[in-house]
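Enquirer: fold the following and give me the result.
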Amino acid sequence: MNDLEERLRAAFTARAQTYEPDPHAWARITERRPRRRQARWLLAALPVALLTVFVPVLLNGGLGRNTAIDPTGIHQQLMKERTPLGKEAVVDNPSEGKPLRIWFARGKLGYPEICYIVERAAGEPYGACVDAVAWQHVDAWYVGSTVRDGAATAMDWGLARQDVGAVAGVTKGGQEFPGTVRSLAGAPYRLWTVTYPSQEPMSRIRISDVKGKDLGWWSRDGLAAPSGQPMSAPMELSQGISVRPYRTPRAKGGTLLTWSRHGAELGSQTPGEADAAVTISPQKDVIVGFARRDVARIEVTFDSGRTASVATRPDPWNLGIALFGAASPSDDPAEGRRVAAYDAAGKQVWQHDEPAPEELYETDKVAGEVMTLPGTEGSGRPVRMWFRQGEGDPFCFSGGPGPNHWGVTSCLFGALPSSDPVRQATTYLPDPGADIYFGPAREDWESADAVLSDGQRVRASFLRGKDTPRRVWHVSVPLGAEVGGFIVKMKGKPDKQLPNYDKGCVRRAASSEAAPQTLPAGVTALVTPSCTTFWENGEVAGALPGPLPGARLGDLLDAEQPVRWAIGKKAWYGYAPAGTAKVELRAKGGTATAEAVPDAWEQNVTLFAAPALKGADETASLTGYDAGGKVLWRYEPPRYPTPKVTVTVTPAPRS
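Expert: Residues are numbered from 1 along each chain as shown. Down below sits the predicted model:
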């Protein structure tokens, strides 16, 4: 695997599969246990937009510079281009014995941010504001930690949705420490904290709703805890930033340098892996990295004219490099920069320009016009869309005001039998903002409507760029409005219902008072709006599309898609048309049969489940039989490539 492929793999892991419109992907997407993130940031080539995905908000960055080293000055500087969003919280910081100030703000592009100021027992205070856009399919998530060497007590903290009532920290050994959840008037999310002894580090948080019902858990890997065996004590640089070498076989030479702040990782780099005089791995609000031994100072100048000058320090581990870490004067990850290196005499010994991330379309491969998604023109960072030349006319898009899309280009390859995957862009400007759904349209589409949770329909519009091979459909709804799905009217065919996998799907099922229906193989199921959730032996296994508002589950099935099913950890399950009594699965590993029973909610379907068949995957064929053994339907998965999204990142040029 080459260097770029490794970075792409890290990016995919960080995105947590939120861009995989595979018909069976929902079971993986909604799994309550996030996979352990094994990737780490390597070098400067991964764009800042992707760097911040691993750790959306950490105690990492700071704007506490020499002109604002007191808390009041830091607060004023942080809020220069922001507006407050709710009240401020003052939390006891057990690691420092001084208060930790936390508040929400609205950033330049309108999206919510979480801001904080850390006062230290020994050292200058620092603060930062980082985006507070919710993680997909998560009820509560980590923001930061006060962990530091020498402190007996630590505190992890983070954000939660408004209906979260309790959070408890859980150690690797299973010990639990109750947390505190508080609301800040006018804030978009609730704030949680968990205090614990430093020798009993947290591994995850357990989450409950306001009624005390279990909502699952979220791993502390969201803070990207360092991996490998530490080789020495950490070396502290400026403003709480420290660097520590770890011994790991995955790094070239076996040594990985990891930068962190109070136990929360900022990034990792491998010494000697780059040819450049300076290897810099910035996040949105900090600059950390290493340089050649002869570099005494680096200077980073951003497109806005703001500059950071950082002195280096020799490494104490005889790696032959110089180390640096400092706050960044820029909080715009889409901003280009120039990096220069100077020796002890002040002579410039190296310089490199790193342009701002751009849309990665290649003009010789674009089929027709590059379009702007309507509704994003005034957002501060519009979404660009285009078709690539090639089989199936791949649909690509780039940009957007959301903080998770800067510097990222995504392309959809393949197509579903009757529709194309749905994309979403959220705009916060002009106020009050909007959610815009869009995607490529088939030629036989006559109209498309978004169906809101209350049954209201919003008609979509069609756009065709000059010389583009296909049209694009798009529909805008108020920011935060729940879209249950889409109804497409096709020429000469019945209307097609396309469910929307919204982020609250499994959460609603987990907190529902309704009793789930019991199926074979330890599987239970529950239908809620837009979602059919399945449990295996009491644990959430995944979900399949649910009914659109005002419709029934059976309306999602037709001759083209007569069954919805998925493979869990120990079982396979799904739903089929009413009258189906048995479902037969044929795969490379053999044949398996599941008994089907009518659903308990009058959704005009039957539900089925059976123990997993070894070797079976989503390429299996299914057949449905009635009670007399007559074939009612057959389903063969598409033989063309499964719809997928590729994410291309811009590697920083290397000298």
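
Enquirer: settle this for me: Pro125 is touching Thr72, isn't it.
Expert: No - between Pro125 and Thr72 there is no contact under Cβ atoms under 8 Å: 10.0 Å. C-beta: built from backbone N, CA, C; applies to glycine.

Enquirer: those two: which has the busier surroundings?
Expert: Pro125 (22 against 10; other Cβ atoms under 10 Å).

Enquirer: ok, now how distant is the more buried one from Asp332?
Expert: 23 Å (Cβ to Cβ, to the nearest Å).

Enquirer: quick one: the strands in the stretch 51-200 of the chain?
Expert: 83-84, 89-93, 98-106, 112-118, 126-131, 140-145, 153-160, 164-171, 176-178, 180-182, 190-197 (DSSP state E, counting those that start in this stretch).

Enquirer: let's have those strands in TSV, adding distance to Pro249.
Expert: Converted to TSV, the strands of the stretch 51-200 of the chain look like this (distance: least, Cβ to Cβ, whole Å):
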stretch	distance to Pro249
strand 83-84	48
strand 89-93	36
strand 98-106	37
strand 112-118	35
strand 126-131	32
strand 140-145	27
strand 153-160	29
strand 164-171	27
strand 176-178	33
strand 180-182	40
strand 190-197	31
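
Enquirer: least reliable of the ones you listed going by mean pLDDT?
Expert: Ranked on mean pLDDT, the bottom entry among the strands of the stretch 51-200 of the chain is strand 126-131, at a mean of 84.

Enquirer: tell me the angle that one makes with strand 98-106.
Expert: Orientation check (axes from the mean of the first three to the mean of the last three Cα atoms, to 10 degrees): strand 126-131 against strand 98-106 gives 30 degrees.

Enquirer: who does strand 126-131 touch, helix- and strand-wise?
Expert: Strand 126-131 makes packing contacts with helix 71-78, strand 112-118 when contacts are defined by 3 or more Cβ pairs under 8 Å, 6 or more residues apart in numbering; DSSP states H and E.

Enquirer: ok, which of those comes nearest Gly169?
Expert: strand 112-118 (19.1 Å; Cβ to Cβ).

Enquirer: given the host helix or strand of Ser398, what are its sheet partners and their directions?
Expert: Here Ser398, judged by DSSP states H and E, is contained in strand 395-399. Counting by DSSP bridges, the strands paired with strand 395-399 are strand 383-387 (antiparallel), strand 408-413 (antiparallel).

Enquirer: can you list these in a markdown table and add mean pLDDT?
Expert: Converted to a markdown table, the strands paired with strand 395-399 look like this (pLDDT from 0 to 100):
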| stretch | mean pLDDT |
| --- | --- |
| strand 383-387 | 92 |
| strand 408-413 | 78 |
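
Enquirer: and Val339, which of these is closest to it?
Expert: strand 408-413 (22.2 Å).

Enquirer: report the buried residues of the next helix or strand after that closest one.
Expert: Downstream of strand 408-413, the first helix or strand assigned by DSSP H and E is strand 423-427. Along strand 423-427, these residues count as buried under the neighbour rule (16 or more other Cβ atoms under 10 Å): Arg423, Ala425, Thr426, Thr427.

Enquirer: would you turn those into JSON lines with pLDDT?
Expert: JSON lines is the format used below for those (pLDDT from 0 to 100):
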{"residue": "Arg423", "pLDDT": "86"}
{"residue": "Ala425", "pLDDT": "89"}
{"residue": "Thr426", "pLDDT": "89"}
{"residue": "Thr427", "pLDDT": "91"}
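
Enquirer: show me which of those is closest to Cys531.
Expert: Arg423 (19.9 Å).

Enquirer: and that closest one, what are its bridge partners?
Expert: Residues in beta-bridge contact with Arg423 (DSSP bridges): Phe438.

Enquirer: got a list of what it touches?
Expert: With contact taken as Cβ atoms under 8 Å, 6 or more residues apart in numbering, Arg423 is in contact with Phe397, Ser410, Leu412, Tyr437, Phe438, Gly439.

Enquirer: and those, which two are the farthest apart?
Expert: Pairwise over the contacts of Arg423, using Cβ to Cβ, the maximum falls at Ser410 and Tyr437, 14.9 Å.

Enquirer: and these two? Which one has more around it.
Expert: Tyr437 (20 against 17).

Enquirer: how near is the more buried one to Cys115?
Expert: 31 Å.

Enquirer: do the same with Leu184
Expert: Distance from Leu184 to Cys115, by Cβ to Cβ: 12 Å.

Enquirer: find residues that contact each of the two.
Expert: Counting by Cβ under 8 Å, 6+ apart, the residues touching both Leu184 and Cys115 are Trp103, Phe104.

Enquirer: between the two, which one's more packed in?
Expert: For the pair Leu184 and Cys115, the greater number of neighbours falls to Cys115 (25 against 17), based on other Cβ under 10 Å.

Enquirer: so which of the strands of the stretch 51-200 of the chain gets nearest Val383?
Expert: strand 126-131 (17.4 Å).

Enquirer: run me through the strand neighbours of that closest one, direction for each.
Expert: When DSSP bridges is applied, strand 126-131 pairs with strand 112-118 (antiparallel).
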